Each structure stands twice: as C-alpha cells, then as structure tokens.
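[1] please find the sequence and the predicted model below.
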Amino acid sequence: MNLCIIYLSYVKYEKDVGVHIDIHLNWTTHCKAIATKANQTFGFVRRTCHFSKCSSQRRVLYLALVRSNSEHCSPIWSPQTKGAIDMLDVIQRRAVKWIHKEPFVSYTDNEFLAKQKSLDLLPISVKFTYTDIVIFHKIVYEAINIGMPNYILKHTASEVTRVTRQNASIADNTDTLKYKCSVTPKVDAFKNSFFVRTYRKWNQVPLHIRSIPEPSRFSSSLKEHLWLILGLKPD
C-alpha cells in the first residue's frame, strides 16, 4: 500500500498515543501491554517499598501506582476475553498477598474473594463492569458531555405487544430507564464496544439504584450491589 508515493509496511498492530490498535479492532494486544506494564510496576513497588509494613499503606501504593494505570481509559479497551482478564487478575492476586503480608500463602477462589472484600478491592472483571456502568450512569443523567448514540434507545411502553415478567415494568411505565440497541452487532469489535456491551449491564442493575441521580451515591450503591452478586454482604 502506498500513500503519496510513500510505501506503508503491513503490520498486525500499531501503537498510537500509548494505545495498541490491531487489524481486527480488538484490544488483546493492548491488554497484554497493560498487563506487562502493571506487572513491572508492581515488581518495582514491591522491591522499593519493602519497608512499608502497614497494609493500608500498601493498599494505597497498589491502587495509586499499579491498578490506576492498568484501568486508565478502561471503558474504551475493557478486556472482553477470559485470558485478558486473567492476566490482570494474576497481578491483583499477587498484590493482595503482598498487602496482607502473605506472599507464600495459597488462596482458594473463595478465600481470595474474601481477601479482596476485606481491602475493598473489587475483583478485576467486576471492577471493569463497575467502571462501565458508572460512566453510563453519568451519560444517562448528563453529568458529562457525552451523548447517547442514536442506536441506543429507551424502551417504551408502546413497543410492548405481549406483557411478560421481564417487560412488565416497561409496559406499565414503572421502569423508564431501560435501554435497547436498535441495530444488531455483526462483528465483535462493535459487539464489545462501550455502549453495546454496557446498556445490557445497566439494564440488569435494580431500578432503585438506576434511579439515583447523584453520581457519588449511585457509585456506592452500585458497589454494594456488585458485592451482593458476588455473595458477600457490604460492610
């Protein structure tokens, strides 16, 4: 391929402003790069901050220096495959052991979940869901200057032809905060895009939480709800 007589080489992905974009418009390459950087940063923190014996201080270091970087702009590149999520989950598992000063202890899945709850650290996959829904909430309530795309529409009572348990709240107008997608995604890049994947997650949140307009109160209520789904009661 040439551009103004300059021949362009064929590449599988390109890095631009710190983001890896591949030929299939998925984020696997970027997730790998994020996981590698997070792993290196955590290793640096662990080596240089070994003097810190306070779990609360170690938690702050992990959140500020490791997880904050691995979640930057995550609504755009949020991992959608188990492999990509597992790469980041392994780092959080090591970090939780470091924070609790238990580097050689092996956790079962339930123990690991409880340890994360004790530190108020949502599991990696759930944290990405949490971030997506919080951003969607701000768009719904116009708290940020991002508009809803024209293919994401509100459900209306007039479209209900047969009332079922699933759509009863739409039919009687008691739930006016459910959304639908007017187009059928045919490629994974669109299916996994922010609005298409998030409106479904938003619809699954209980109405009494979706109806909270204040971002801070909504965020805390949503986190409590997600911990309940995981089988753990909020503090």
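    Looks like it arrived, so ask away.
[2] measure residue 190 to residue 117 for me?
    Per CB to CB, to the nearest Å, residue 190 is found 35 Å from residue 117. The way it works is simple: take the backbone N, C-alpha and C, and place the C-beta from them, glycine included.
[3] for residue 91, same thing?
    18 Å.
[4] so between those two, which is more surrounded?
    residue 91 (22 against 18; other CB atoms under 10 Å).
[5] next helix or strand past the helix or strand the more buried one falls within?
    Here residue 91, judged by DSSP states H and E, is contained in helix 82-99. The first helix or strand that comes after helix 82-99 along the chain, using DSSP H and E, is helix 109-118.
[6] what residues of the following helix or strand past that following helix count as buried?
    Per DSSP H and E, the first helix or strand lying C-terminal to helix 109-118 is helix 124-140. By neighbour count with 16 or more other CB atoms under 10 Å, helix 124-140 contains the buried residues 124-133, 135-140.
[7] any idea which of the residues you listed is closest to residue 199?
    Using CB to CB, residue 136 comes nearest to residue 199 of the buried residues of helix 124-140, at 7.1 Å.
[8] so which residues of this protein form helices?
    Using DSSP state H, the helices of the chain run over 28-48, 55-61, 68-70, 74-77, 82-99, 109-118, 124-140, 168-171, 188-191, 194-204, 207-210, 215-229.
[9] list the contacts of the nearest residue to residue 232 once chain neighbours are set aside.
    Closest residue to residue 232 apart from its sequence neighbours, by CB to CB, 6 or more residues apart in numbering: residue 117 at 5.0 Å. Applying CB atoms under 8 Å, 6 or more residues apart in numbering, we find residue 117 in contact with 227, 230, 232.
[10] how about JSON lines for the residues you listed, with distance to residue 31 and pLDDT added?
    Putting those into JSON lines (distance: CB to CB, whole Å; pLDDT from 0 to 100) gives the following:
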{"residue": "227", "distance to residue 31": "25", "pLDDT": "96"}
{"residue": "230", "distance to residue 31": "22", "pLDDT": "93"}
{"residue": "232", "distance to residue 31": "27", "pLDDT": "81"}
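[11] which among the residues you listed end up buried?
    Here, 16+ other CB under 10 Å leaves residue 227 buried among the contacts of residue 117.
[12] in a markdown table: the contacts of residue 117, plus distance to residue 220.
    As requested, the contacts of residue 117 are exported to a markdown table (distance: CB to CB, whole Å):
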| residue | distance to residue 220 |
| --- | --- |
| 227 | 11 |
| 230 | 16 |
| 232 | 15 |
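[13] what's the burial count for residue 159?
    Count around residue 159 with other CB under 10 Å applied: 11.
[14] which residue packs closest to the residue nearest in space to the middle of the chain, ignoring adjacent ones?
    The C-alpha lying nearest the average C-alpha coordinate of the chain belongs to residue 128 (CA atoms, centre = their mean; 1.3 Å). Nearest non-adjacent residue to residue 128, counting by CB to CB, 6+ apart: residue 78, 4.7 Å away.
[15] shaky segments in this structure?
    1-3, 234-235 (pLDDT under 70).
[16] mind giving me the domain ranges of the protein?
    18-121, 143-229 (automatic domain parsing).
[17] which of those domains sits closest to residue 5?
    domain 18-121 (23.6 Å).
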